[in-house]
Structures are given as structure tokens and as C-alpha cells.
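Participant: Fold the following.
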Amino acid sequence: MLKCKLLVLLLLIIIAALSAQPLSKIYFSPGSETDSYINVLFNSGAYLDIYYLDQFGLLQNQNATLYMGNEEWSYGSIESTPSHPWIGMQGTYSIPMNRNRFGLANPIYFPQAQGLPHHSKFCPVESDLTGDNNFGLNHLDILETKIAFSEEKLHFAIRVNANSFPTSSGLTFYAYMGVLGDPAADPNSNPTVFGLMNTVNVAGVISPGLYKITGTGINDLEQIGSIEVTNYEADGVMVLSCNLADLLADPDFSSWYDPQYPLVSTMALTNKITLTGGTQTADETAGMSVLLKPIALDYSNAHNPQISGITTAMESTNLRVSFDYYDQDLNHPTWIKVRVDGSADYHLYPTITGGIEQGIRFESEDIPIVDSWQELEIDYIEGGVNHLAQYQNPVSNQDQHAPLPKLQLYPNPVVSRLYFSLEDPGRKDEPLPALRIYNLRGQLIYEELSPSIKGSVDLSQAPAGLYFLRWGDQFKRFVH
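Facilitator: Below you'll find the model as predicted:
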């Protein structure tokens, strides 16, 4: 009866986004006292807005951008004096390796003790075109959906193109529904979905409630709980609230719902129901992934970050610098640059393998060096404080004309096969160092312990993206 065909499209969209678990890692770092902001770092492409309640209790949002060029991590900031210690996010999640984007929202969490928050504080989830409903009825024309949640409740707001929400007109009935589904379900298997439905109350036939929907008829509706309906007619907004416990008590819902990563697929729809025409969809949204994960502002700045494992490698007339960054408070640098003998600042690329708990490996861009260099400086800001680490060239007094190892890669970008050429005159008959390739996450995808002087690697099955090849103490970056 009420299961919309577009739910299949919704599920198809969301299935592909599951592998990376966006927003499973989120970090906060204090900004400077003068600028009064809080930095937010999270593992999701560069297209999510950060939502929060400012010091006046008004909903605000800030855009996030790529964190220093790393396509899997985003960075943004909010004011340092919000009125609510939880934030939300909304936008399109980017999967870097295949360049696809998927709708994703993590609503703002409100403790149950605070009661139902006003809908103006809900995190936006989807917007919908004006005037695209099938029957020309403004009260069935969906314009926007928003969601908020607590430890006990899910609140689903639907804004329509009218200031009233009739559920009947003579023998014609209307239904307004927020739909929840398993984001990993096979859409071809006619998966069970769940709906918060406000409709006419006909004793013994249908009434407002929380339903499990297994088919397309009235007999395929099983009410598993009640809902609360709160109308803000002046704003054209209807809020449907249900108990999360009612959903979790259902074996079909709890079989796939993961409390550690509580992702659901959602959409909204309106229906017109008549005796002759049955149930007909009036309007529907495209569908969105929603993560019901409380994101609490939590940070400290009791320790200074540490720089270690500094390595340098010359490649022709270019210097490549890499090092490890670690902060016991799990704060990340706002920006970080490297200079050589007082040169201009050069960019650094972060490789974050599993979160700041494991530290960040930074790799520099190519730094042109004409003569022997003496000192490099790593300049960075963390927690609003400027830090400077210095490193002396350990071979600056050695014979600069001694032959250096050579590493060449081609083509770059790589289409299917990467070719390499190795030469290390200083080793003569000794085995060459191992050759290893890492992806942007720092994961080892290829290793050759005893490489030949010349060879190739088949990357035809590797996802598109940025990669690093390491041979001894040399790094080369290439694109596939």
C-alpha cells in the first residue's frame, strides 16, 4: 500500500556508500582564544555542512572543506560558545576512489530531558521541488524534511507547501509519512521498511502510528507502535515522533540496525487514498542516509603535539620531506607547512590511516633545491598555538657529488600498469630496498621485497585515487 517504488532507488543509492562508514571518526580541536572557534575534523568527503546552535540558540551552519588535500577527511569550524553541546552534519558524502557522492545527514542530538525541540533546531535532511506533487494539492507537496533525535525518540519533520495538514476530505484520505529502511538491503528482495505515518483514523482499518510495511496492501501494514504528531501550521511543518524502543523491539529492524554505527535510509512521502483509486503517491523525496549518532563537543589541549620520524629524500633537484605527527589530546593542526633554509612555505599532505589515535603521516610536495640544504623547519598551528620544529640535514657535510639512488615512475597518471626504474649505484651487488605502494589511507596495496632494476605493477583493479610508492627512503606520488 504505502511502500514507494522510489524506495528501491533510495536503497540503491545508499548501498554503495556503506563500505567506508563516514563520520565514524570525528575530532574537535580548540581554536585560538582571539578568533573564538572550534575546529572539527571528520572522515567524510568535503561536502558536508556542520550544523550547530549558536549562543542565541539559533541553528547555524558552516561549510567543510578538504583537510589539506586529503579526499577522505574534511575540516570545518564553529563558534566556540554554542548554546548546545552537540552538533549535526548534512550534505553529500564523497567516496574519493570512485568520485561518487551520496546524501548523508547526522542530525543534532537532544537529550530526552529537554523534551521535543522546536523544528527550527532540527538538522535539514532533504529538500524537494515546489509543485511536483501528482494531484496539485499543496498540502501533499513536500518541500523539506528535517530530523532530530534523543536517546529515546526519533523526530521526523516534513514541511509542505501549505499551512494545514488535512487527513481526509469526504471519502478521500491523505497520509504523510517518514520512511526508514535498511541501507544494506537488496532492493530486488522487496525489503521490509518502517513508516511514521499520520493519516485518517478509521477504527479497525487504519490510524496514525508506527508501521512495519511488508507489501503494498492494507493487510501488509503491521502497527508496531504509536506516534506523536506536532503541527506547526504557521510554518507548514508536521513533526512525527516515535519511540526508538518500538523500532528496536521489532526483530526485522533490530536484525540490521547497528547501535555502534546506527545508519538508516530515509525518505518522506505523501499519499492520496480513495475507494476507487486505492493508494496513490502524491509526492516523495529522493532518499538520504541518516546516521543517528550523537556528536558531542569534547576536546582538551593539555599536551603539545610531537613531530617524529623525519625523513628526507633527494630526487634530482627536488627534496621530499615526510614525518609523523602525534597529539595525545587527539587535536589536529589547523595548518602545517615546511620550509628549507628560509625558503617559501611548501604544502604538506596528511595520510591518516585510522584516526588521529594512530598519528598522522605528512608527506611534502616536491621542494626545489639547487644546492646542498642545511636546515628545514616544520611550522604548524594547533589549538591556536604556533609551533616550530627544526631538523638539520644529516648529510650536509658529506660529499654532495656522491651518486644518489634514482627512482623513476611512468606514466603518471597511471592508466592500468605502473612502470618503474630503480638504480642504486652505491649498493653495487647488494639487493635493492623493498618497493611498496600505499593508498591515501596509508594501507599497503603492493609489496615487492626484492625488486628488479626495472619492472611494472598491474593496477588495473585498483580504485582511482592518489597513491604513494616508497623505495628505501624515497617517496613518489602518483595518480591512478
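Participant: And the next helix or strand past the lowest-mean-pLDDT helix or strand in the chain?
Facilitator: Least confident helix or strand of the chain, by mean pLDDT, DSSP states H and E, is helix 6-15 with a mean of 42. Using DSSP states H and E, the helix or strand that follows helix 6-15 in sequence is strand 26-30.
Participant: Quick check, pLDDT for the residue nearest to residue 321 when sequence neighbours are not counted.
Facilitator: Excluding the flanking residues, the one nearest residue 321 by CB to CB, 6 or more residues apart in numbering is residue 364, at 4.1 Å. (C-beta placed from N, C-alpha, C; glycine too.) Looking at residue 364, its pLDDT is 92.
Participant: phi, psi of residue 364?
Facilitator: phi -90, psi 160 (degrees, to the nearest 10).
Participant: Domain boundaries for this protein, per the record?
Facilitator: Listed domain ranges for the chain are 6-296, 306-392, 406-479 (source: automatic domain parsing).
Participant: export those domains to CSV and tack on mean neighbour count?
Facilitator: Below are the domains of the chain laid out as CSV (neighbours: other CB atoms under 10 Å):
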stretch, mean neighbour count
domain 6-296, 18
domain 306-392, 17
domain 406-479, 15
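Participant: ranking these by mean pLDDT, which is last?
Facilitator: domain 406-479 (a mean of 80).
Participant: centre of the chain versus that one, how much separation?
Facilitator: With CA atoms, centre = their mean, to the nearest Å as the basis, domain 406-479 stands 30 Å off its chain's centre.
Participant: List the contacts of the residue lying closest to residue 451 once chain neighbours are set aside.
Facilitator: Spatial nearest neighbour of residue 451, chain neighbours left out: residue 435 (4.3 Å); criterion: CB to CB, 6+ apart. Residues in contact with residue 435 (CB atoms under 8 Å, 6 or more residues apart in numbering) are 420, 422, 446, 447, 448, 451, 469, 470, 471.
Participant: Tell me which of the residues you listed fall in strands.
Facilitator: Here DSSP state E is the test, and the contacts of residue 435 give 420, 422, 446, 447, 448, 469, 470, 471 as lying in strands.
Participant: wait, isn't residue 224 in contact with residue 211?
Facilitator: Yes - assessed by CB atoms under 8 Å, residue 224 is found in contact with residue 211 at 6.8 Å.
Participant: how far away is residue 269 from residue 136?
Facilitator: In this view, residue 269 and residue 136 are 17 Å apart by CB to CB, to the nearest Å.
Participant: my bad, residue 174
Facilitator: Remark: distance between residue 174 and residue 136 (CB to CB) = 13 Å.
Participant: repeat for residue 229
Facilitator: Counting by CB to CB, the gap from residue 229 to residue 136 is 24 Å.
Participant: And residue 41, by the same measure?
Facilitator: Residue 41 sits 47 Å away from residue 136 when distances are taken as CB to CB.
Participant: returning to what we had before: in contact with the residue nearest to residue 321, which residues are there?
Facilitator: Counted by CB under 8 Å, 6+ apart, residue 364 has contacts 319, 320, 321, 322, 338, 346, 347, 348, 349.
Participant: The third one against residue 312, yeah?
Facilitator: Yes - distance between residue 321 and residue 312: 5.4 Å, which falls inside the contact criterion (CB under 8 Å).
Participant: list residues touching both of the two?
Facilitator: What both residue 321 and residue 312 touch, as defined by CB under 8 Å, 6+ apart, is the set residue 376.
Participant: The biggest strand by length in the chain pairs with which strands, and in what direction?
Facilitator: Using DSSP E, we find that the single longest strand of the chain is strand 263-274. Using DSSP bridges, strand 263-274 pairs in its sheet with strand 172-181 (antiparallel), strand 278-284 (antiparallel), strand 288-291 (antiparallel).
Participant: roughly how far apart are the residue nearest to residue 321 and residue 344?
Facilitator: 13 Å.
Participant: Please name the nearest non-neighbouring residue to residue 161.
Facilitator: Residue 161 sits nearest to residue 141 (CB to CB, 6+ apart), 3.9 Å away.
Participant: Now for the one you found: which residues touch it?
Facilitator: Taking CB under 8 Å, 6+ apart as the test, what residue 141 contacts is 130, 131, 132, 133, 160, 161, 162, 270, 282, 283.
Participant: Try it again at 10 Å.
Facilitator: By CB atoms under 10 Å, 6 or more residues apart in numbering, residue 141 lies in contact with 128-135, 159-162, 236, 270, 282-283.
Participant: Ok, residue 24 next?
Facilitator: So residue 24 contacts 42, 43, 44, 260, 261, 263, 291, 293, 355 (CB under 10 Å, 6+ apart).
Participant: Please verify my assumption that the second one contacts residue 22.
Facilitator: Okay, so that is residue 43. Yes - under the criterion of CB atoms under 10 Å, residue 43 makes contact with residue 22 at 6.2 Å.
Participant: before we move on, back to that, from the contacts of residue 24, which two are the most distant?
Facilitator: Across the contacts of residue 24, no pair lies farther apart than 263 and 355, at 18.7 Å, counting by CB to CB.
Participant: For the stretch 151-300 of the chain, which segments count as strands?
Facilitator: 153-160, 168-169, 172-181, 193-198, 209-213, 221-225, 227-232, 237-243, 263-274, 278-284, 288-291, 295-296 (DSSP state E, counting those that start in this stretch).
Participant: Of those, which is nearest residue 330?
Facilitator: Comparing the strands of the stretch 151-300 of the chain by CB to CB, strand 295-296 comes nearest, at 14.0 Å.
Participant: Spit out the contact partners of residue 253.
Facilitator: For residue 253, the contact set (CB under 10 Å, 6+ apart) comprises 180, 181, 182, 192, 193, 194, 212, 224, 244, 246, 247, 264.
Participant: distance of the fourth one from residue 256?
Facilitator: Looking back up the chat, that one is residue 192. 10 Å.
Participant: ditto for residue 209
Facilitator: Distance of residue 209 to residue 256, computed by CB to CB: 22 Å.
Participant: before we move on, what about residue 322?
Facilitator: Distance from residue 322 to residue 256, by CB to CB: 42 Å.
Participant: what's the answer for residue 234, then?
Facilitator: On the measure of CB to CB, residue 234 and residue 256 end up 38 Å apart.
Participant: what does residue 87 give?
Facilitator: Where residue 256 is concerned, residue 87 sits at a distance of 26 Å (CB to CB).
Participant: With residue 465 instead?
Facilitator: Taking CB to CB, one finds residue 465 at 30 Å from residue 256.
Participant: got it, and residue 246?
Facilitator: According to CB to CB, residue 246 and residue 256 sit 16 Å apart.
Participant: Show me whatever sits in contact with both of residue 364 and residue 344.
Facilitator: Listed as contacting both residue 364 and residue 344 by CB under 10 Å, 6+ apart are residue 337.
Participant: so what's in contact with residue 192 and residue 256 at the same time?
Facilitator: In contact with both residue 192 and residue 256: 181, 182, 185, using CB under 10 Å, 6+ apart.
Participant: Now do the contacts for the nearest residue to residue 454 once chain neighbours are set aside.
Facilitator: Using CB to CB, 6+ apart and skipping the chain neighbours, the partner closest in space to residue 454 is residue 421 (5.2 Å). Residues near residue 421 by CB under 10 Å, 6+ apart: 406, 407, 408, 409, 410, 452, 453, 454, 455.
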